[in-house]
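Peer 1: Can you look at this prediction? I've put the sequence above it.
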Amino acid sequence: MTILPNLPARLTLPAALALALAVPLAAVAAMPEPMAAMHCEHHPELPACGPAKTLPDTTNAPAASAPAVVELADGAFYVMRAAPVTKTINGTPLRLFAYNGSVPGPLLKVRQGTQVTIGFENAIDQPSTIHWHGLRVDYREDGTPGIGQPAVPPGSRTFYRLRFPDEGLYWYHPHVREDYQQDAGLYGNVWVLPADSAAYAPVAQEIPLLLDDILIENGAQVPWGRVHADYAIMGRYGNVRLVNGETAQQFTAKTGDRVRLYLTNAANVRNFRLKLPGQKLRVVGSDGGRTERETLVDTLLLGPSERAIVEIQFPRAGSFALYDDTPADRVKLASFEVSGDAPADAADPALRDNPLMSSDLERLQAAVAAEPKFQLTMDVRFGGPGGGAHAGHGTAAAPSTTPPAPAAPAAPSLPKPITLPDPHAGHGSPAPVPVDPADSHKQKLETAADAHAGHEHGSAPPPAAAAAADATLAGSMIGNIVGSQPAAGPAETKPAPVAPTAPATPAPAPAADPHAGHGGGSGGGASSGGGHHHPPAPIEWEDGMPADNAASSSAEVHWLLRDGSGAENMDVRWRFTEGEPVKIRLVNPMSGAHPMQHPIHFHGQRFVVTAIDGKPVELRAWKDTVLVPGGSTIDIVLDPSNPGDWMAHCHIAEHLSTGMMIGFTVAPKAP
C-alpha cells in the first residue's frame, strides 16, 4: 500500500491544507520553457518564472477522445483515471491532463436518490483527488485533502462512495493545484436527473455546455507554475474560449423547438455573460437544481464554478448563436441552425413555479430576518508570510487596507472529532464510526498494481460592469428569499459584531491606485503597465495587467478571507449545527490593494442569497457558489444540513492556491 506521509492529526488545517494544496511537484521532470514564458523575462527571479514553469509530460500519451456519456444505475461502480493526453486547438498542440482520455471528462448521469462508487486512479505525475463540487456527499468523500482524505499519490488509487440527494447539474475537478490540474483539463459534469420525471417541462433537446478557456500565446501553450501557482494576482485568464473542450459547438433544431441548456463555468477566473441576441433566456435551474420559479432574462452572468439551467425557444427558421457577451468582447460559444415551419402550438408556455423549493425555504425565514452572525471580508496582502517586500518589484508590501472588525473573542479551538453514521454501512463497515480526517481514507489507497484487483473495467471508457444591464441577474446566478420573522439564530458561538450593510465603497482615485508599479488596474479599462491607471471595475472581464499578473505567484501574493474576529484564512474555524440555518455576510470592499470579484464556494452545503448591497434579489435558488463583485456586500443564509468538517474558499483557482479559504464544522444535531 502506498500512501502519503501522515498528515497532522485532526484538523490542524493550516498545515494539512498547505501541504495538500501547495505540494511541491518534485516528481515532474524538467522541461524547456516555451516562448510564451516571455512574460517573465523582466522578473526572472520570481518563483513563478523561468525554470519554475511546467507542462504535463505527454511522452507516449494518446490524443484526447470525445467525452463519453456514462449512465450509472443505483449501486454502480465506475473507474475514472487521470492521465496525460494531447489535443490540438486552433492549430496549437496542447499537453493536457484528462479523465478517461477526454477533455472534459465523461458526463456522469445518475438519478436523484441513488448511490454509486467511483474508483479513482491517479496516473499523472503529481498528487491529486476528485472533488465532487456541489454534491452533498459525506465529507470523507468530498475529495478535499487535509480534511476528508490525503491526496492520492501518483500511481495510486482510491474510491469515492457518492450519494445524490439533490437533482441538478454538478461537476467534478481536483482539489490539489486546481490552478494547474483543472486548467489542464481535469474537470467534468455530474448530471443528477430528478426523481420526479415531471419536475422539468418537456423539451425537444437537452444539451450540457461546459464552459472554459485556455491561454495560448505566440502559437504556444502557456505553461503553469511548477511549485507555486502563477497568475496569482488576478488569476489566469485564457484567451481561447472552450465549450465542451472545443472552440465552438454547432447544433440543429426545428422551428418551435424548446431546448434546455445545462451550463457550467469551469474556468479558473473568467466570468461568462451569456446572451442569445433577440431571444430571452428562461432560467429554470441554478447550482442546486430547480429555482423557486422560472425567470426570463436577456443576459446571464456565470462566475467560476456556477451552474445554470436555461431554456430557449426558436420561433422561426434561421441561424441563432449563444455568445459570451461582455463589455470587453463578444465571442460565439454555440450556434443553432433552425429549419422548418412553426407548429401551431409554438407559443411560449407560462413560467412555472417550484412548490418543493418554496416549502424548503419556509424554514429559513427566521435566519433571513435575523442580522448576520458571521462575516467574511475579502482582501489581499503582497510579500512573504511576514509581509516582506513584493519580490522583484522593489516596493514595500502592500498592507491590508480593510479596517479591522470590532474586537471579539478569539476563534474557538476546533472541536474534537465528531462521530457520524458510517456512509459505507452495508459494505461491511460498522456504524457509527469516529472520524479522524487525517486517517479516514488511508485504507482506501492502493498502488497502481493493486488497482485492477477484484474488479473488471467492463464498459468503462478507455484508461458585471454590465451585471445590472437589462435583465441580467445581479450578483451572478444567485437567488434570494425575503422574510420578516424575528431573529432566532443558534447560540453555540459568539461571533464578532457584524457591521450593517453599507453601499459599495467608492473606487479610489487614479492617483491613489495601489497598483502603481504593478502594471495597471482592473480589467475593463485598466492599462497594462503604461503608467495610466483607471479606477477598478466591480468585475474584471479580462486580464488588465498581463505582465505582472503572469509574473506573480502564490509565494508572494496572499489572498485573504477575514472573519469578524480578525482571523484570516485557515485560522477561521466556524462551527454550525445541523438543521440551524445561519446568515453570513460576504464583504468585498473596493479599498483593498487589488479590488476584484471573488466567487465564494461552500463545500458540502447549500445556501440562498438574501440581499445584495442591502437590496433583496429576485431569484430564489439553492446555491453553493456566489460571485461577489468588487464593492459589493452579499448576505446569504447557509443551510448546514450535512455534518462534517468542510471548507469554504474563493473559486478563482489561483486565489485558492494562495490560501484564500476557511474551515468550518457542521456538528450533528442532538438526538
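Peer 2: Looks like it arrived, so ask away. Please read these numbers as outputs of a predicted model, since none were measured by experiment. Numbering: from 1, shown residues only.
Peer 1: Can you list the residue ranges for strands in the stretch 551-671 of the chain?
Peer 2: 557-563, 573-577, 582-588, 598-602, 606-612, 625-628, 632-639, 644-650, 661-667 (DSSP state E, counting those that start in this stretch).
Peer 1: Out of those, which gets nearest to T291?
Peer 2: Ranking the strands of the stretch 551-671 of the chain by proximity to T291 (CB to CB) places strand 606-612 first, at 10.4 Å. From N, CA and C alone the C-beta is placed, and that goes for glycine too.
Peer 1: The closest one versus strand 598-602: what angle between them?
Peer 2: With axes from the mean of the first three to the mean of the last three CA atoms, to 10 degrees defining the directions, strand 606-612 sits at 140 degrees from strand 598-602.
Peer 1: ok so, going back, between the strands of the stretch 551-671 of the chain, which one is nearest to N354?
Peer 2: Closest of the strands of the stretch 551-671 of the chain to N354 is strand 606-612, at 13.0 Å (criterion: CB to CB).
Peer 1: Compute the inter-axis angle for the closest one and strand 582-588.
Peer 2: Going by the same axes, to 10 degrees, strand 606-612 makes 60 degrees with strand 582-588.
Peer 1: where in the chain is pLDDT low?
Peer 2: For the chain, the stretches flagged by pLDDT under 70 are 1-51, 344, 346, 384-535.
Peer 1: ok, 50 please
Peer 2: Scanning the chain with the threshold set as pLDDT under 50 gives 1-39, 386-475, 478-497, 499-533.
Peer 1: Kindly list the longest strand within it.
Peer 2: Longest strand in the chain, counting residues (DSSP state E): strand 77-89.
Peer 1: circling back: closest one to V110 among the strands of the stretch 551-671 of the chain?
Peer 2: Of all those, strand 606-612 comes closest under CB to CB, at 18.0 Å.
Peer 1: can you pull the buried residues of the closest one?
Peer 2: For strand 606-612, a neighbour-count test (16 or more other CB atoms under 10 Å) marks 606-612 as buried.
Peer 1: again with stretch 652-664
Peer 2: 652-664.
Peer 1: Figure out the helix or strand that L135 lives in.
Peer 2: Under DSSP states H and E, no helix or strand contains L135.
Peer 1: how about the longest strand of the chain: buried residues?
Peer 2: Those would be 77-85, 87, 89, for strand 77-89 by 16+ other CB under 10 Å.
Peer 1: could I get those residues as TSV with distance to E556?
Peer 2: Converted to TSV, the buried residues of strand 77-89 look like this (distance: CB to CB, whole Å):
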residue	distance to E556
F77	45
Y78	42
V79	40
M80	35
R81	35
A82	30
A83	33
P84	30
V85	33
K87	32
I89	32
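Peer 1: how about those residues, which pair is most distant?
Peer 2: For those, the farthest-apart pair by CB to CB is F77 and I89; their separation is 33.3 Å.
Peer 1: ok, now how distant is Q221 from D179?
Peer 2: Counting by CB to CB, to the nearest Å, the separation of Q221 from D179 is 15 Å.
Peer 1: same question, G289
Peer 2: Look at G289 and D179: by CB to CB, they are 29 Å apart.
Peer 1: Repeat that for D298.
Peer 2: Here the criterion is CB to CB. By it, D298 lies 33 Å from D179.
Peer 1: So those two - more neighbours on which side?
Peer 2: Set D298 next to D179 and count neighbours by other CB atoms under 10 Å: D179 wins out with 27 against 17.
Peer 1: give me every residue that touches that one.
Peer 2: Shown in contact with D179 (CB atoms under 8 Å, 6 or more residues apart in numbering): 224-225, 229-231, 236, 268, 653-654, 656-657.
Peer 1: secondary structure class for it?
Peer 2: helix (DSSP: H, G, I helix; E, B strand; the rest coil).
Peer 1: between the buried residues of strand 77-89, which is nearest N189?
Peer 2: When those are compared against N189 (criterion: CB to CB), the nearest one is M80, at 12.8 Å.
Peer 1: Tell me what that closest one is bridged to.
Peer 2: Here M80 sits in beta bridges with F120, going by DSSP bridges.
Peer 1: got it, and the one 4 residues further on?
Peer 2: On the basis of DSSP bridges, P84 is bridged to F97.
Peer 1: Would you confirm that it contacts L94?
Peer 2: No - look at P84 against L94 with CB atoms under 8 Å: they stay out of range, at 10.7 Å.
Peer 1: so who does the residue lying closest to H603 once chain neighbours are set aside touch?
Peer 2: Distance criterion CB to CB, 6 or more residues apart in numbering; nearest residue to H603, sequence neighbours excluded, is W646 at 4.4 Å. By CB under 8 Å, 6+ apart, the residues touching W646 are 139, 142, 144, 147, 602-605, 663-666.
Peer 1: With Y180 instead?
Peer 2: Y180 makes contacts with 54, 224-225, 229, as judged by CB under 8 Å, 6+ apart.
Peer 1: One more: F314?
Peer 2: 253-257, 259, 279, 320, 336, 338.
Peer 1: ditto for N90
Peer 2: Contacts of N90 by CB under 8 Å, 6+ apart are 216, 240, 247.
Peer 1: quick one, phi/psi of it?
Peer 2: The phi/psi pair for N90 (degrees, to the nearest 10) reads phi 50, psi 40.
Peer 1: Next one: it from R241, what distance?
Peer 2: Relative to R241, N90 is positioned 11 Å away (CB to CB).
Peer 1: any shared contact partners between these two?
Peer 2: Common neighbours of N90 and R241 are listed as T247 (criterion: CB under 8 Å, 6+ apart).
Peer 1: hmm, back to that, emit the ChimeraX select command for whichever of the contacts of N90 are buried.
Peer 2: Buried residues among the contacts of N90 (16+ other CB under 10 Å), as a ChimeraX selection:
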select :216
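Peer 1: Out of the contacts of N90, which sit inside strands?
Peer 2: 216, 240.
Peer 1: Any chance of TSV for the contacts of N90, columns distance to E556?
Peer 2: Formatted as TSV, the contacts of N90 follow (distance: CB to CB, whole Å):
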residue	distance to E556
I216	26
V240	28
T247	34
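Peer 1: Out of the contacts of N90, the closest to G383 would be?
Peer 2: Nearest member of those to G383, counting by CB to CB, is I216, at 31.6 Å.
Peer 1: Do I have it right that that closest one meets V240?
Peer 2: Yes - I216 is within contact range of V240, at 5.6 Å (criterion: CB under 8 Å).
Peer 1: list residues touching both of those two?
Peer 2: Shared contacts of I216 and V240, counting by CB under 8 Å, 6+ apart, come down to 89-90.
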